[in-house]
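**Student:** Fold the following and give me the result.
(chains A and B)
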Amino acid sequence: MTELTAWQELDLRSPWLNAAGSLGFAPRQPETCLWEEPLGAFVTNPVSMFRRTPAEERAVIPFPGGFLIHSGLPNPGLKGLLAVARHWERVAVPVWVHIIGNTPEEIESMVRVLEGLEAVSAIELGIAPQAEPDLTLKLVRAGVGELPLVVNFPLTDASEAWVDRLAGLGASAISLGAPRGLLPAPGSMPGANGKLAAGRLYGPAILPLALAAVRSLRRQPLPVIASGGVYRKTDGEALLAAGAMAVQLDSVLWL
Amino acid sequence: MIRADGEISKLWLSPSGHVGGKIACSPPIQLTPGQYVLARQDGSREALPIALFVYSDKGGSLQAAPPLPTFWKVGDRLSLRGPCGKGFRFPAGVHKVALAALDGNPYRLEGLVHQALSHQAEVTLYCAFIPADLPVAVEILPLDLLPDALRWADFLAIETCLRSLAELPARLKLPAGQVSPCPTQVLAAVDMPCGGVAECGVCSVRTRRGWRLACLDGPVFDYNQLELR
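**Tutor:** Predicted coordinates:
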């Protein structure tokens, strides 16, 4: 029997994908995007088992070289997602559903439902930053099923010891997500008593971190999908040259 | 929704100390007051597109309301996408229009001034800063007189930031939960980094029908639909 390449297994059509959280739950108007390369797959926003409302302290905070965003990952839950799943049939590229969950049971339930949808070609499992290793491995085990599983975690966690065990658990690929950080919250007092906002970091300043993360993962066997700081094609090509199989794009897709 | 090329042809400083500008736009993008376009400087590595509110779009040029980024220069080329969101819906047969900028400069409401005057309506602006080129027909009043507008106006348009939304009933001297006696629309000034593409939820506004995205469902909302807690 011929062994599938990672590209074939993931049904990728080009090395450029959107990152979860960058194009919604179904693409609305991809023709308006300035990024002129075709996307090899469409990755949904993060979806949890149950509906999540926006964070009370949601914010977008710019800093030199990027921005921090804290939204609380609001989403309609798996049931709500199924209502928009009919739009995926009109998408010309494979659909990956990005799932998040706190327990193996939640992840397993979501995977079983998604396996029943013809339009879904892979699952991307989002792992929280600095996740507890045992729980992380249980979540990954629960996510392995009939569909290829891409394990997504913040690129700053690339050196965690559990990363080397993912291939043995049946994961198909690794994708590197936005690093987390802190900035003074809008309107808060400056100085030691000031409140800090936590969130995901995006922007050109992330590119050096992304390159370093890809390099650090060269010795493990799974293909790596990089992201972070890609605003020009040459940025993405640098990540591919460093060893990434594909590159996920984020806020460059917003205009 | 279209993509267009823009070129900054003029920049000016508002009395509140913010920069506004005139942007030549090809092809033209038609906006109603309260709608916005996303803009990014060509060749820049700025991570976030900027939401531009426009108060006039005559002759293929967008008059962009302050504040614009301070690093933009005359002659800079921009990539634009719009129109985005839902703007003010100016009711038919309106004769007395009140506008209120609760948190700063009133330029985002200025498109309504021209719309109201073209309908021969009387216009009163409640604000802390007076725009330099406001038509003389517009009456200016201080913000603390705003509750009076609910008695005499037949349309009230308000701009306020997301963090101040909950204070709106108090600013209008309306009991929380009570509907406005005057048709009132609110522009929720909030960061809308993705212009609706990502549905990221960071611009979410609580309404009586649940959470809504300002970037897609707003940024202009009917006052009576807002859940103001």
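**Student:** Every contact and neighbour count from this point should use C-alpha atoms.
**Tutor:** Fine.
**Student:** Stretch B:30-50 near chain A anywhere?
**Tutor:** Yes. Legend: contact between stretch B:30-50 and chain A by CA under 8 Å from any CA of the partner chain is shown at B:Leu38, B:Ala39, B:Arg40, B:Arg45, B:Glu46, B:Ala47, B:Leu48, B:Pro49.
**Student:** In contact with A:Trp35: list those residues for me.
**Tutor:** Contact analysis of A:Trp35 by CA atoms under 8 Å, 6 or more residues apart in numbering or on different chains lists A:Val252, A:Leu253.
**Student:** again with the one 5 residues further on
**Tutor:** Taking CA under 8 Å, 6+ apart, we find A:Gly40 in contact with A:Leu12, A:Arg13, A:Ser14, A:Pro15, A:Trp16, A:Leu17, A:Val93, A:Pro94.
**Student:** any idea how far the first one is from chain B?
**Tutor:** Right, the one you point to is A:Leu12. 21 Å (CA to the nearest CA, to the nearest Å).
**Student:** The second one now?
**Tutor:** In this structure, A:Arg13 and chain B are separated by 22 Å, where distance is defined by CA to the nearest CA.
**Student:** Not counting residues beside it along the chain, what's closest to that residue?
**Tutor:** Excluding the flanking residues, the one nearest A:Arg13 by CA to CA, 6 or more residues apart in numbering or on different chains is A:Gly40, at 4.1 Å.
**Student:** Which stretches in the stretch 151-255 of chain A count as helices?
**Tutor:** A:166-169, A:207-216, A:233-241 (DSSP state H, counting those that start in this stretch).
**Student:** Let me know the secondary structure of whichever residue of chain B sits closest to chain A.
**Tutor:** Here the residue of chain B nearest chain A is B:Ala198; by CA to the nearest CA that distance is 4.1 Å. Judged by DSSP: H, G, I helix; E, B strand; the rest coil, the three-state class of B:Ala198 is coil.
**Student:** sec struct for B:Arg108, please.
**Tutor:** Under three-state DSSP, B:Arg108 comes out as helix.
**Student:** May I have the beta-bridge partners of B:Gly36?
**Tutor:** In this structure residue B:36 is Tyr, not Gly. For B:Tyr36, the beta-bridge partners are B:Phe53, B:Cys84 (DSSP bridges).
**Student:** next one: A:Leu183
**Tutor:** When bridges are called by DSSP bridges, A:Leu183 pairs up with A:Ala197.
**Student:** next one: A:Phe63
**Tutor:** A:Gly66.
**Student:** Tell me who's in contact with B:Ile130.
**Tutor:** Contacts of B:Ile130 by CA under 8 Å, 6+ apart are B:Pro15, B:Asn105, B:Pro106, B:Ile140.
**Student:** Counting neighbours, what do you get for the second one?
**Tutor:** Applying other CA atoms under 10 Å in any protein chain shown, we find 23 other residues in the vicinity of B:Asn105.
**Student:** likewise the third one?
**Tutor:** Look at B:Pro106: counted by other CA under 10 Å, it has 23 neighbours.
**Student:** where's it relative to A:Gln248, distance?
**Tutor:** 40 Å (CA to CA, to the nearest Å).
**Student:** go on, the first one?
**Tutor:** When distances are taken as CA to CA, B:Pro15 and A:Gln248 turn out to be 43 Å apart.
**Student:** Look at those two and report which has more neighbours.
**Tutor:** Neighbours per residue, other CA under 10 Å: of B:Pro15 and A:Gln248, the larger number sits with A:Gln248, 26 against 12.
**Student:** in terms of contact, does that one touch A:Val224 like I think?
**Tutor:** No. At 10.6 Å, A:Gln248 and A:Val224 do not qualify as touching, with contact defined as CA atoms under 8 Å.
**Student:** nearest residue to B:Gln41 other than its sequence neighbours?
**Tutor:** Going by CA to CA, 6+ apart, B:Gln41 has B:Leu78 as its nearest residue, at 4.4 Å.
**Student:** Can you name the helix or strand that the one you found falls in?
**Tutor:** Element membership of B:Leu78 [criterion: DSSP states H and E] is strand B:77-84.
**Student:** Quick check: next helix or strand after that strand?
**Tutor:** Toward the C-terminus from strand B:77-84 - assigned by DSSP H and E - lies strand B:96-101.
**Student:** Show me how far that next one is from its chain's centre.
**Tutor:** Strand B:96-101 has its average C-alpha position 12 Å from the chain's average C-alpha position, going by CA atoms, centre = their mean, to the nearest Å.
**Student:** Any idea how many residues pack against A:Arg232?
**Tutor:** A:Arg232, neighbours per other CA under 10 Å, totals 14.
**Student:** Can you pull the poorly scored residue ranges out of the chain?
**Tutor:** Since no chain was named, I'll use chain A. A:1-4, A:28-34, A:189-192 (pLDDT under 70).
**Student:** not quite, I wanted chain B
**Tutor:** If you take pLDDT under 70 as the line, chain B has these spans: B:57-59.
**Student:** Have a look at it and report its longest strand.
**Tutor:** strand B:2-13 (DSSP state E).
**Student:** Okay, strands next: where are they in the stretch 151-255 of chain A?
**Tutor:** Ranges of strands in the stretch 151-255 of chain A, per DSSP state E, counting those that start in this stretch, are A:173-177, A:180-184, A:196-202, A:224-227, A:246-249.
**Student:** need the contact list for the residue positioned nearest the centre of chain B.
**Tutor:** The centre of chain B sits closest to B:Arg108, judged by CA atoms, centre = their mean, with a distance of 3.6 Å. The contact partners of B:Arg108, taken as CA under 8 Å, 6+ apart, are B:Pro33, B:Gly34, B:Phe53, B:Val54, B:Tyr55, B:Ala65, B:Glu159.
**Student:** Give me the phi and psi for the residue lying closest to the fourth one once chain neighbours are set aside.
**Tutor:** Which is B:Val54. Of all residues not flanking B:Val54 in the chain, B:Ala64 sits nearest, at 4.5 Å (CA to CA, 6+ apart). The phi/psi pair for B:Ala64 (degrees, to the nearest 10) reads phi -90, psi 130.
**Student:** And for B:Ala64, the neighbour number?
**Tutor:** 25.
**Student:** Tell me which residues touch it, please.
**Tutor:** B:Ala64 neighbours (CA under 8 Å, 6+ apart): B:Gly20, B:Gly21, B:Lys22, B:Ile23, B:Leu52, B:Phe53, B:Val54, B:Tyr55, B:Ser56.
**Student:** try B:Phe155
**Tutor:** Applying CA under 8 Å, 6+ apart, the residues contacting B:Phe155 are B:Pro91, B:Val94, B:Lys96, B:Val97, B:Ala98, B:Cys182, B:Pro183, B:Thr184.
**Student:** From B:Val123, how far off is A:Gly170?
**Tutor:** Taking CA to CA, one finds A:Gly170 at 67 Å from B:Val123.
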